[in-house]
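In: Need a 3D model of the following:
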Amino acid sequence: MPIEIKELHIKINVSDNAASTNAAATSSTDKKDKIIEACVEQVMRIHERKNER
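Out: Residues are numbered from 1 along each chain as shown. Now for the predicted structure:
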């Protein structure tokens, strides 16, 4: 029997230190962009699987 997920709750805590240097801020921005990209990719996969059914 397949399991159906009707709701998905995602909670993300992101902290940004004001005392960070420009290099650290740039790398932090890159990390955030990569995390966002990965999340979007996973949501799209879930959406595609949902539409296949």
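In: Report the contact partners of residue 46.
Out: With contact set as Cβ atoms under 8 Å, 6 or more residues apart in numbering, residue 46 has these partners: residue 8. For glycine as for every other residue, the C-beta is placed from the backbone atoms N, C-alpha and C.
In: I'd like to know how far it sits from residue 7.
Out: Distance from residue 46 to residue 7, counting by Cβ to Cβ, to the nearest Å: 12 Å.
In: Residue ranges in this protein under the pLDDT threshold?
Out: Along the chain, segments meeting pLDDT under 70 span 16-26, 53.
In: what number of residues lie near the closest residue in space to residue 39 that isn't next to it in sequence?
Out: Once flanking residues are discounted, residue 39 sits nearest to residue 10: 7.5 Å by Cβ to Cβ, 6 or more residues apart in numbering. For residue 10, the count of nearby residues is 7 (other Cβ atoms under 10 Å).
In: Look at residue 10 and give its secondary structure.
Out: Secondary structure, DSSP: H, G, I helix; E, B strand; the rest coil: residue 10 is coil.
In: Against residue 52, how distant is it?
Out: Distance, residue 10 to residue 52, by Cβ to Cβ: 22 Å.
In: same question, residue 37
Out: Separation of residue 37 from residue 52 (Cβ to Cβ): 23 Å.
In: For the two, indicate the residue with more neighbours.
Out: More neighbours surround residue 37 than the other of residue 37 and residue 52, with 10 against 6 (other Cβ under 10 Å).
In: quick one: contacts for the more buried one?
Out: Taking Cβ under 8 Å, 6+ apart as the definition, residue 37 has no contacts.
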